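**Q** what shape does this take:
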Amino acid sequence: MEELMSSNLLQTNFAVMIIWGGIFAIFILKLFQSIRLVPTKSAYIVERLGKYHSTLDAGFHALIPFIDKVAYIHDLKEETIDVPPQECFSSDEVNVEVDGVIYISVTDPVKASYGITNYRYAAIQLAQTTTRSVIGTLDLDRTFEERDLISAKVVEVLDEAGATWGIRVHRYEIKNITPPETVKNAMEMQVNAERERRALLAKSEGDKQSKINRSEGVMAETINRSEGEMQRRINEAEGKSEEILTLAKATSESIERLASVISSPGGQSALRMQLGEQYLKQLDGLSKKDTRVVLPGNMVDFDYWLQSIGLKEDK
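**A** Okay, here's the model as predicted:
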């Protein structure tokens with residue numbers, strides 16, 4: 001009996017030791033858990049007995065075991081959140097698939113913890129609904145051109161909600177806008193037609209410019225030829241004018257010199273003598289050509305004839 005009692009006592013003591021060992025281990029674990037090293041750009045939300053107590057910034061912090069606990073851990077760096085693809089209808093009733101990326105960061109860890117259950121999920125849902133509403137006001141062609149407008153509208157709406165959620169939306173980018181295959185084929189045909197139209201227009205503009213250049217070249221050639229012909233005629237006229245002026249000047253000088261010689265003493269006799277010599281030379285030439293020459297019958301008549309033609313002075 002005593003052995004049985006001692007055995008039960010030992011078992012009881014062993015169980016108590018195990019319990020106290022477990023309690024001590026839990027206390028040590030909680031003690032280590034109460035020591036927190038918060039990294040840079042992070043924020044820890046501490047609750048004391050289930051109520052918000054404080055926000056731990058970067059550095060070393062010690063909490064009260066079993067009373068304080070870290071309820072939320074937030075990364076304060078900017079993060080990207082993918083917005084899943086969704087179907088949207090444009091104003092011309094075309095169904096397109098749109099996806100994007102949100103760039104956000106936590107600015108108020110307390111609001112991000114208690115202002116909303118999951119701010120990431122809420123930001124995605126709000127971005128999708130805003131994107132659908134904006135695309136619903138645009139035609140299909142404008143949805144590809146107004147990406148900045150859609151992004152700006154989503155950022156504006158998320159910023160208004162982010163003030164309550166403790167987050168800041170930096171930007172929203174649309175990754176893809178995918179229309180149906182039929183619409184895509186129609187758009188490709190339209191692009192090809194526009195490309196062919198531009199090619200034909202460019203070719204026609206080139207032909208037009210080529211013809212203009214050729215006509216301008218012909219016109220310039222014609223003008224140059226006419227100007228050259230005009231200048232040639234002007235030069236010939238000027239040459240003839242200079243020749244006539246030179247001849248007139250020489251004739252005038254010759255006449256002046258001849259008049260001066262005639263008016264000088266013995267000038268008229270010399271002139272008659274020269275004219276007589278020329279006349280006799282002409283008679284001599286006529287006689288060599290077997291030509292008949294009629295002379296006066298006597299010398300008196302011959303002298304009279306010379307006087308009539310001015311080759312002999314009248315005594």
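
**Q** what packs against the helix or strand harbouring Gly239?
**A** Taking DSSP states H and E as the definition, Gly239 sits inside helix 181-263. In this structure, helix 181-263 makes packing contacts with helix 267-288, judged by 3 or more C-beta pairs under 8 Å, 6 or more residues apart in numbering; DSSP states H and E. Using the backbone N, CA and C atoms, a C-beta is placed for each residue, glycine as well.

**Q** what pLDDT, on average, does the helix it packs on get?
**A** Averaging pLDDT along helix 267-288 yields 63.

**Q** just the endpoints, please. Distance across stretch 63-83?
**A** Terminal residues of stretch 63-83 lie 38 Å apart, using C-alpha to C-alpha, to the nearest Å.

**Q** show me the contact partners of it.
**A** Stretch 63-83 is contacted by residues 27, 30-31, 33-36, 41-49, 52-53, 56, 99-106, 109, 112-113, 120, 123-124, 127-128, 131, 170, 172 when judged by C-beta atoms under 8 Å, 6 or more residues apart in numbering.

**Q** list the buried residues for that stretch?
**A** 63, 65, 68-70, 72, 74, 76, 81, 83 (16 or more other C-beta atoms under 10 Å).

**Q** and if you look at stretch 200-209?
**A** If you call a residue buried by 16+ other C-beta under 10 Å, then stretch 200-209 has no buried ones at all.

**Q** which residues of the protein score low on pLDDT?
**A** Counting by pLDDT under 70, the chain has low-confidence residues at 1-10, 183-188, 257-259, 261-315.

**Q** Gly136 contacts Glu93, correct?
**A** No. Gly136 is beyond contact range of Glu93, at 10.0 Å (criterion: C-beta atoms under 8 Å).

**Q** when the two are compared, which one has more neighbours?
**A** Gly136 (12 against 8; other C-beta atoms under 10 Å).

**Q** circling back: need the max-distance pair from the buried residues of stretch 63-83.
**A** For the buried residues of stretch 63-83, with distances taken as C-beta to C-beta, the pair at the greatest spread is Pro65 and Val83 (42.1 Å).

**Q** can you say which of the contacts of stretch 63-83 are buried?
**A** Buried members of the contacts of stretch 63-83, counted by 16+ other C-beta under 10 Å: 30, 34, 36, 42-47, 53, 56, 99-100, 102, 104-106, 109, 112-113, 123-124, 127-128, 131, 172.

**Q** next step: those residues restricted to strands.
**A** Using DSSP state E, the subset of these located in strands is 36, 42-47, 53, 56, 99-100, 102, 104-106, 172.

**Q** contacts for the strand or helix carrying Asp148, please.
**A** For Asp148, the host element (DSSP H and E) is helix 147-165. By C-beta under 8 Å, 6+ apart, the residues outside helix 147-165 that reach it are 100, 102, 104, 107, 111-112, 115-116, 119, 122-123, 126-127, 130-131, 134-135, 143, 168-174, 177.

**Q** which SS state does Ile73 fall under?
**A** Classification of Ile73 by DSSP: H, G, I helix; E, B strand; the rest coil places it in strand.

**Q** any idea how far Pro65 is from it?
**A** Distance of Ile73 to Pro65, given as C-beta to C-beta, to the nearest Å: 19 Å.

**Q** same question, Lys211
**A** Distance, Lys211 to Pro65, using C-beta to C-beta: 96 Å.

**Q** equivalent analysis for Val98, please.
**A** In terms of C-beta to C-beta, Val98 sits 50 Å off from Pro65.

**Q** buried sites along stretch 233-247?
**A** Quick answer for stretch 233-247: no buried residues (16+ other C-beta under 10 Å).

**Q** off-centre distance for it?
**A** A distance of 61 Å separates the centroid of the chain from that of stretch 233-247, by C-alpha atoms, centre = their mean, to the nearest Å.

**Q** what does stretch 198-213 give?
**A** Taking C-alpha atoms, centre = their mean, one finds the center of stretch 198-213 at 22 Å from the center of the full chain.

**Q** check stretch 119-135 too.
**A** The chain centroid and the centroid of stretch 119-135 are separated by 37 Å under C-alpha atoms, centre = their mean.

**Q** what do you get for stretch 117-136?
**A** Distance, centroid of stretch 117-136 to centroid of chain: 37 Å (C-alpha atoms, centre = their mean).

**Q** tell me the two of the ones in strands among the buried ones among the contacts of stretch 63-83 that are most distant?
**A** Spatial extent of those (C-beta to C-beta) is set by the pair His53 and Asp99 at 40.5 Å.

**Q** quick one: Phe60 and Tyr44 touch, right?
**A** No. The pair Phe60 / Tyr44 is not scored as a contact, 11.9 Å apart, by C-beta under 8 Å.
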